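Participant: From the sequence below, what's the structure:
(one chain, ligands or ions: 2)
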Amino acid sequence: MKNTRCCVCNAPRATICSACKSAYYCGAECQRNDWRSHKLLCKDFATFVKASPRPCPTAMIALYLPILPYGQKGLAAPKMVWIDPEHEMHIVERKPDDTLEYIDPLKHDPIEAEFTQPRNMSTPVNARGFEINGNYFKKFKLMYPVVLHLRDAFNFDGSRPNLTLVEVTREQLRMQWKGPLVVYSKDSFHSSACQDITLTDFRTFLDFCKKYEASDGGLSDSLRLNNYLELELTNPGLFNSLLFHNSVNQTIRGVDITCEGDRHFLATEQFLSVDVPVVHPIFDDVNNDNGYIAGFGATEVSRMIQVPLLVRRLFPDKVWNNSTFHFFLRYQNWYSNSVAQYLNLNTDITSTEWGCRDPGYNRGQIYSRVLVVREDNLAITARQVEAVAAFFKHVFETLDRQKLVQLGGLSGPPLHAARGNLMGANVSRARFVQFFTNFRNQKVQGGDTTWANEVLP
Ligand SMILES: [Zn+2]
Ligand SMILES: [Zn+2]
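Facilitator: Residues are numbered from 1 along each chain as shown. Ligands and ions are numbered 1, 2, ... in the order given. Okay, here's the model as predicted:
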């Protein structure tokens, strides 16, 4: 069945795109509205069949979305493939020796295999067909179904989020689709026969993604629960715009502590006030052993002065941390952020790491920028964070010196008791209040009048 209505507004008697001959438009305005997604595939649709002819009579054109976009440069786009409905929707290709090769796209995502924590392979992959019957976004019934072919247990089997779809739909995506996806078209509602997918069907699919939302909190929950680490690493700009979009403008005032590289290459201040979206993973971080995240709730030392701080390492800024410079950067101190490390001193008096910066906080090689918010969701200012960090730097230096002078020769419980006494004497709300007042007075006396009205956090 052929759909010659406008792919954007469903108006009848539309004109075909002369390049791809795969989508219809009622006029220039609708064509313009569709261009951002249409341009991802218009050229491919114009050349695909000529470049790779139909491998067998039952094969149909479909769109394949692997979990990560192909290549990291340019625009992410689905890939055109031949699938065979007579062969369990496997991708089919004709090889140079004239044999047919079948690949199950749901089982063999080549990129997924590269992850250190791939999908739980003991869970069998069964396919599920998710039929789109109407355009719920623009409210009209379709002439034939467009089908989303995906893993039956994608939500429970450890499949990774489909970042190709995230990139293609950008901030308009409403739920987390995981694992590889294939989109194809049926011929009608009344039979199981399939037909080549068109760019009109692609538009239908994108409109569906804008509207469809699962009942479980959808994308906002997934962002908060740290399911999008790969996106944060590969495309931090898009990650941030998703956070803001899914927070419905609800933000909490936090602070970025920039690293040496940020200050050198971007000329930023050391403490920057930032609006943190309420779905930011910093509010729900758990220790996931990837070496990038603090994630143990508010740090112990910050609780001891009753300013409970969540602290999270951010990835280095792409502007200066790119592959060209990477070799050079590794031997510099650009990732260093010692001030932020003081916010997470080790308070375990029985540990050999006592008083040092918490090793759990500094796993892995990359350090860089650090985000700070209050666990109780109150706002915190750049100056307040500066004062807290300065306090713990002072504490760290004091403890370290006293540790050497006073604790020599002690071991076991007497050592632990001595450490406990030192902590008690140096880290408390009262000590911090005293330090903050002095710190503020010094700043004001040093000529920084903006400190005069700063209040105790
Ligand atoms: Zn139209
Ligand atoms: Zn076109």
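Participant: how many neighbours does the residue in the stretch 201-350 of the chain that ligand 2 sits nearest to have?
Facilitator: Closest residue of the stretch 201-350 of the chain to ligand 2, CB to the ion: residue 202 (10.4 Å). From N, CA and C alone the C-beta is placed, and that goes for glycine too. Per other CB atoms under 10 Å, the neighbour tally for residue 202 reads 25.
Participant: For it, report the pLDDT, please.
Facilitator: At residue 202, the model reports a pLDDT of 97.
Participant: what distance separates the helix or strand encompassing it from the centre of its chain?
Facilitator: Element membership of residue 202, judged by DSSP states H and E, is helix 199-211. Helix 199-211 sits 23 Å away from the centroid of its parent chain (CA atoms, centre = their mean, to the nearest Å).
Participant: Can you spell out which helices and strands pack onto that helix?
Facilitator: The helices and strands touching helix 199-211, judged by 3 or more CB pairs under 8 Å, 6 or more residues apart in numbering; DSSP states H and E, are helix 28-38, strand 127-135, strand 140-151, helix 163-169, strand 181-186.
Participant: Can I get the ones you listed in a markdown table including mean neighbour count and mean pLDDT?
Facilitator: Output for the helices and strands packed on helix 199-211, formatted as a markdown table (neighbours: other CB atoms under 10 Å; pLDDT from 0 to 100):
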| stretch | mean neighbour count | mean pLDDT |
| --- | --- | --- |
| helix 28-38 | 16 | 94 |
| strand 127-135 | 15 | 89 |
| strand 140-151 | 20 | 93 |
| helix 163-169 | 23 | 91 |
| strand 181-186 | 25 | 97 |
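Participant: where does the protein have low pLDDT?
Facilitator: Within the chain, the stretches with pLDDT under 70 are 70-75, 110-111, 113-123, 215-217, 285-296, 321-332, 358-367, 403-407.
Participant: Tell me where it has strands.
Facilitator: 15-16, 24-25, 60-65, 79-84, 90-94, 100-103, 127-135, 140-151, 181-186, 194-195, 251-257, 271-277, 309-313, 370-374 (DSSP state E).
Participant: Just list what the third one packs against, helices and strands only.
Facilitator: Applying 3+ CB pairs under 8 Å, 6+ apart, we find strand 60-65 packed against strand 79-84, helix 163-169, strand 181-186.
Participant: how does it look with 10 Å?
Facilitator: With contacts taken as 3 or more CB pairs under 10 Å, 6 or more residues apart in numbering; DSSP states H and E, strand 60-65 sits against helix 42-51, strand 79-84, strand 90-94, strand 140-151, helix 163-169, strand 181-186, strand 194-195, helix 199-211.
Participant: nearest to residue 277, of those?
Facilitator: Closest of the helices and strands packed on strand 60-65 to residue 277 is helix 163-169, at 16.1 Å (criterion: CB to CB).
Participant: ok now that closest one, how far from the chain's centre?
Facilitator: 12 Å.
Participant: before we move on, back to that, tell me the contacts of the residue of the stretch 201-350 of the chain closest to ligand 2?
Facilitator: The contact partners of residue 202, by CB atoms under 10 Å, 6 or more residues apart in numbering, come to 7, 22-23, 34, 37-38, 40-41, 45, 63, 78, 146, 168, 183, 185.
Participant: for residue 77, same thing?
Facilitator: 37, 39-41, 43-44, 63, 65, 69-71, 164, 167-168.
Participant: Which parts of the stretch 301-450 of the chain are helices?
Facilitator: 323-330, 338-341, 382-406, 412-426, 429-445 (DSSP state H, counting those that start in this stretch).
Participant: Just the buried residues of stretch 1-19, please?
Facilitator: Going by neighbour count (16 or more other CB atoms under 10 Å), the buried part of stretch 1-19 is 3, 5-10, 14, 17.
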